[in-house]
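Student: could you work out the structure for the sequence below:
(chains A and B)
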Amino acid sequence: MIDPKILRQSASEVARMLERRGFEFDADGYNKLESKRKSLQIKNEELKNQRNISSKNIGIAKSKNEDILSLMQIVEEVNKNIKVNEKQLNETLAKINSIELDLPNLLSEEVPDGVDEQDNLIVSTYGTPKKFDFKPLDHIEIGNRLDSLDFESAGRISGSRFAVMKGSLASLQRALIQFMLNTHIQEHEYEEVYAPLLVQANALIGTSQLPKFESDLFKIEGDKPLYLIPTAEVPLTNLVAGKVIDERALPLKYVAHTPCFRSEAGSYGKDTKGLIRQHQFEKVELVQIVKPEESKDALMSLTSHAEKILRELKLPYQVVSLCAGDIGFGAKITYDLEVWLPGQDAYREISSCSLFGDFQARRMQAKWKNSKTGKNEFLHTINGSGLAAGRALVAIIENYQDESGNVIVPDVLIPYMNGLKIIKSS
RNA sequence: GGAGAGCUGGCUGAGUGGUCGAAAGCGCUCCCCUGCUAAGGGAGUAUGGGUUAAUAGCCCAUCGAGGGUUCGAAUCCCUCGCUCUCCGCCA
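Tutor: Down below sits the predicted model:
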């Protein structure tokens, strides 16, 4: 959520800044609602003040055995007015709140202009795509030859966009996850977290998947509906929801491996084949909760932690700064890591690292006590994949394939594969 | 799933309809006193919102959450959540 104070003071300026995203914000409409809110609220508080005074006087009069009838009549009248006024106030507040919840975050200045992924800015590249002296296969074909990737069974069991992995590829994914977790825990000092995969709407409002993007989520119906998490960002970030964190405990750094569930309703026709876009996938997620002045550095360090995994795996990648039109709803700035996939002859997103400023913290009411000001202030949140395991598996299969359709196990994963160095096709 | 107890400020804990945002203690901050890291004295010490130049006043709201009764609710009623104890069931 954007700071309501900023919205009140300069709605049209906010509208101009959101235009960069291609988002249209009706500043005039907002201002009208806002001035309505103001007058209603002032009136409401005046009326309540009257009632409080009169009620107090009734108590005093009663204790002195004085007549209270006339006072009672006054209050009765005031109460009628409160009822009418409060209804209007609440309606206005609800409208304002729903507008504010649907407003995307303000962008950092360094976010490049642009309307879609075409305009994203390549910040840096690491490694160079390997030249194969044979035509590299895509992971679907290799998986098929290894008899380890089975989309057909998954289709029969669950429908499209699900996968069954067997044998060595299933192990390889598990090895990847273990390797990533250990690296982040031991080298990057994140705390490992095991968290719920089913969450309430409130948590999703906190991290800003709701109310706007409900169609991307899988919902479990019930008297209290639950949602399958689309990313561990949701439970990890919500760890601080409603809390005031002691300054000395900051920064908080959490890592978790979870399955992620996305209905991806809006992306029919995109990546319909293979492991790239699934309803269910494994991901290792990094979250940092920090003081505002440290948040930019935290984004850089978190991004470097995700990069470390790609480097250790010796996978070529590029770092991309998402342009204004492509950046996510709640993010101020986002760096995507795109890994080279020989099977697609293209770089594809494998991690997305974002700084949210106080956007999520404000929704979650997550604060810290600033010892300098003595005030409780909103935290800043950062998250990123470190990495998406399913896509990392694809990258390894495709980058580490040999002419015979075998997959070489990257050095750093061999210990996690019980010493296995090569996954051989039969 | 069943039965019972509870949920008050940073903490402990009082408060069962009226000037209670809330006693007292602890902790913390500042000041005074004291020649020695002790003891004592005083003042202050929740959060959000509105108004405002103001982190000055004033006002509104908040005693797990949400409703209700009442002129008036921390106190009474209802619903929900959570914690603890006992029983059942279960990985």
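
Student: what about residue A:101, how many residues nearby?
Tutor: If you count neighbours by other C-beta atoms under 10 Å, residue A:101 ends up with 14. The C-beta positions use only the backbone N, C-alpha and C, and glycine is treated the same way.

Student: what sits closest to it if chain neighbours are left out?
Tutor: residue A:211 (5.8 Å; C-beta to C-beta, 6 or more residues apart in numbering).

Student: surely the one you found is in a strand?
Tutor: No. Counting by DSSP: H, G, I helix; E, B strand; the rest coil, residue A:211 is not part of a strand but coil.

Student: look up how far residue A:282 lies from it.
Tutor: 27 Å (C-beta to C-beta, to the nearest Å).

Student: of those two, which one has the most company?
Tutor: Legend: neighbour count by other C-beta under 10 Å for residue A:211 and residue A:282, higher for residue A:282 (19 against 12).

Student: tell me the strands beside whichever strand or helix holds that one, with direction?
Tutor: Take DSSP states H and E as the rule and residue A:282 turns out to sit in strand A:280-290. Sheet pairing for strand A:280-290, assigned by DSSP bridges, gives strand A:252-261 (antiparallel), strand A:380-388 (antiparallel).

Student: which parts of the helix or strand hosting residue A:296 are buried?
Tutor: Assigned by DSSP H and E, residue A:296 belongs to helix A:295-312. For helix A:295-312, the neighbour count (16 or more other C-beta atoms under 10 Å) marks A:295-296, A:298-299, A:301-303, A:305-310, A:312 as buried.

Student: moving C-terminal of that helix, what's the next helix or strand?
Tutor: Scanning forward in sequence from helix A:295-312 by DSSP H and E, the next helix or strand is strand A:317-321.

Student: next, the angle from that next one to strand A:380-388.
Tutor: 150 degrees (axes from the mean of the first three to the mean of the last three C-alpha atoms, to 10 degrees).

Student: just to check, residue A:413 is in contact with residue A:175?
Tutor: Yes. Between residue A:413 and residue A:175 there is a contact under C-beta atoms under 8 Å: 4.8 Å.

Student: between those two, which one's more packed in?
Tutor: The residue with more neighbours, out of residue A:413 and residue A:175, is residue A:175; 24 against 20, by other C-beta under 10 Å.

Student: tell me which helix or strand that one sits in.
Tutor: Judged by DSSP H and E, residue A:175 forms part of helix A:167-182.

Student: now that helix: mean pLDDT?
Tutor: Per-residue pLDDT values across helix A:167-182 average out to 96.

Student: report the strands that pair with the next helix or strand after that helix, each with its relative direction.
Tutor: Where DSSP H and E defines the elements, the next helix or strand beyond helix A:167-182 is strand A:191-192. Within its sheet, strand A:191-192 is paired with strand A:252-261 (parallel), according to DSSP bridges.

Student: and the partner strand, which residues are buried?
Tutor: In strand A:252-261, counting by 16+ other C-beta under 10 Å, buried: A:252, A:253, A:254, A:255, A:256, A:257, A:258, A:260, A:261.

Student: from RNA strand B, how far out is the nearest residue to the fourth one once chain neighbours are set aside?
Tutor: Excluding its sequence neighbours, the residue lying closest to residue A:255 (C-beta to C-beta, 6+ apart) is residue A:190, at 3.8 Å. Noted for residue A:190: a distance of 25 Å to RNA strand B, by C-beta to the nearest atom of the strand, to the nearest Å.

Student: surely residue A:190 and residue A:286 touch.
Tutor: Yes. Assessed by C-beta under 8 Å, residue A:190 is found in contact with residue A:286 at 6.3 Å.

Student: list residues touching both of those two?
Tutor: A:184, A:253, A:254, A:255, A:305 (C-beta atoms under 8 Å, 6 or more residues apart in numbering).
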